[in-house]
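[1] Got a predicted structure plus its sequence, pasted below:
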Amino acid sequence: MLQQPETKYRPFTPVPLVDRQWPSLTLTTPPIWMSTDLRDGNQALFEPMNTERKMRMFRTLCDIGFKEIEVAFPSASQTDFDFVRELIEGRHIPDDVTIEVLTQAREHLIRRTMESVRGARRAIVHVYNATSKPFRDVVFNMSKAEVVTMAVSSVQLIKQLAAEQPETEWLLEYSPETFSATELEFALAICNAVTAEWGATPDNKVILNLPTTVEVASPNVYADQIEWMHRNLARRDSVILSLHPHNDRGTAVASAELGVMAGADRVEGCLFGNGERTGNVDIVTLALNLYTQGVAPGLDFSDINAIARTVEHCNQLPIHPRHPYVGDLVFTAFSGSHQDAIKKGFAAQQPDACWNVPYLPIDPADLGRSYDSVIRINSQSGKGGIAYLLETEYGIVMPRRLQVEFSGVVQRHTDRHGGEMSAADIWQLFSKTYLQSEQAVRYVEHHLYEHDKAQGIRLVIEVDGVSHIVKGEGNGPIDAAVHALQKVGIQIQVRSFEERSIASSYNAGDARACAFIEIANDGISNECFGAALDSNIVTASIQALISAVNRLADVQVSISRQRQEA
């Protein structure tokens, strides 16, 4: 049983702000966005990103539209230091993107950090030290004056080292770590000391980042803290006021939204909220919350599935199926009453009218999502148990998005033919749909080879009965096969790939491996899966790719026919 909380925990003291303005304000413009996926998000991973995943994440962030990206904690590891050097020396940084690097307020770490960004066109140096009483008394054993000196002397050193590298445009960011648990008067004093030491002006602004390093109070208290600082900071016209909310109380998104209402200019966070403990604030949710209120967020999430798959690959973490806006099931209705309301809403929605479909706060098409997954069956509807039957009877463990896709195939079948489907019926339909479908492109054979540290493939296929031998190279067999298919005009993107082993006791022939591939191309707004079974996982993977290609072509024909009928 839980202890009596009043004997163990103290309520947070409210901010003395009787004339607060933020509750009556409305967000009308987006903040400056700063992604810390490559730093704060990366350091929270069980297995931090390697260079390939870091570079893929960086390019994705640039494509989304981030203009400020915290790329590393370069003094923390040689890997981080080398990644910053590769970004600069390899000229990977777009002209309109500013990289940011983080350092503690310690001399040797600052020097190492400044060295890492040598030669950059423009860089933000983000220095921090903790300021709350538990850190002063327990961790540092320092007085308030000593903590201020730590911050100011660090700024002096950064200013000196920046002057020695005039080829770079330098911006200073300072964070009083644990701000939300720091006495406001002291937070104000140390921030004012930092801006004074840097010589902040309207043309040379300092970023003051006020984090909820650990959430200790409700979002309205954080908003009060931000408004108080916003009103009382010296040189406010020379400051970019920034937020860095964490999610310990599960209210980081609310804290960020209210904090911007309270006067903040900038928000730091991660795509989908990855980070230490319960995570950083979720920038995707923040941005799309603005979007649903008619405010252009300045970030492009029009292909949210591709972004989600990239983030899952880079972080090696799954996105929850009920995650706002992007989860695999957020546009899926199981309830009969929900299904009925959504169907009626779609029927009534006019193309040029404001969005007004029940249960759907955003148009899935705006995120590159299709309507196919909105209405689907489950065990409660009398046609469900599809995934369960395939797994228990045949050993086929489908990825979640394939479950959604295939349930639509089953639903269309039962709507057309009526009656219930047995496990054998479902297996037969699965085989016909993914494993034995009529094929415009037919796999014949393949041979792998190595070429210049790349994987090469010699692929023999038949296209409409005509034999072709095509070659391709990539970072693996699937990537090589994708490039080979381009030689016959098949332009596709692989969105996800999964493989499974199948026990021989299941009635699926002698196959021991099952591969699933999800692909898309520019000619269709949603993705298609392919699947294949084979004793060799590479062969199964190539055959699954061909299966997906054929299914994508079938879906395109179906969509074209529907448009003609409309």
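    Structure's in. What do you need?
[2] what's around His230, how many residues?
    The criterion is other CB atoms under 10 Å. On that basis, His230 has 19 neighbouring residues. Yep, even glycine has a C-beta here, placed from its N, CA and C like the rest.
[3] Which of the three states applies to it?
    Three-state call for His230 (DSSP: H, G, I helix; E, B strand; the rest coil): helix.
[4] so what's the residue lying closest to it once chain neighbours are set aside up against?
    With CB to CB, 6 or more residues apart in numbering as the criterion, His230 has its nearest non-adjacent residue at 3.1 Å, and that residue is Gly263. Gly263 is in contact with 22, 226-227, 229-231, 241, counting by CB atoms under 8 Å, 6 or more residues apart in numbering.
[5] Please export the C-alpha coordinates of the helix or strand where Phe406 lies as PDB.
    Taking DSSP states H and E as the criterion, the element that holds Phe406 is helix 400-417. Listed in PDB are the C-alpha atoms of helix 400-417, where the atom choice follows Å, rounded to 0.1, in the frame of the first residue of the first chain:
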ATOM      1  CA  ARG A 400       1.200  -4.900 -36.700                       C
ATOM      2  CA  ARG A 401       0.700  -2.800 -39.900                       C
ATOM      3  CA  LEU A 402       0.300  -6.000 -41.900                       C
ATOM      4  CA  GLN A 403      -2.300  -7.100 -39.500                       C
ATOM      5  CA  VAL A 404      -4.200  -3.900 -40.200                       C
ATOM      6  CA  GLU A 405      -3.700  -4.300 -44.000                       C
ATOM      7  CA  PHE A 406      -4.700  -8.000 -44.100                       C
ATOM      8  CA  SER A 407      -7.700  -7.500 -41.900                       C
ATOM      9  CA  GLY A 408      -9.100  -5.300 -44.600                       C
ATOM     10  CA  VAL A 409      -8.500  -8.100 -47.100                       C
ATOM     11  CA  VAL A 410     -10.500 -10.500 -44.900                       C
ATOM     12  CA  GLN A 411     -13.200  -8.000 -44.300                       C
ATOM     13  CA  ARG A 412     -13.700  -7.400 -48.000                       C
ATOM     14  CA  HIS A 413     -13.800 -11.200 -48.500                       C
ATOM     15  CA  THR A 414     -16.400 -11.800 -45.900                       C
ATOM     16  CA  ASP A 415     -18.500  -8.800 -47.000                       C
ATOM     17  CA  ARG A 416     -18.500 -10.300 -50.600                       C
ATOM     18  CA  HIS A 417     -19.000 -14.000 -49.700                       C
END
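[6] In terms of secondary structure, what does it contact?
    Secondary-structure packing of helix 400-417 (3 or more CB pairs under 8 Å, 6 or more residues apart in numbering; DSSP states H and E): helix 386-394, helix 423-430, strand 513-520, strand 528-534.
[7] Could you measure from the closest residue to Ala308 other than its chain neighbours over to Cys314?
    Of all residues beyond its chain neighbours, the one nearest Ala308 is Val326 (5.0 Å), with distances taken as CB to CB, 6+ apart. From Val326 over to Cys314 the distance is 15 Å, taken as CB to CB, to the nearest Å.
[8] follow-up on the earlier one: between the helices and strands packed on helix 400-417, which has the poorest mean confidence score?
    The stretch with the lowest mean pLDDT among these is helix 386-394, at a mean of 78.
[9] how about Gly269, what does it touch?
    Gly269 touches 34-36, 244-245, 252, 256, 280-283, 286, counting by CB under 8 Å, 6+ apart.
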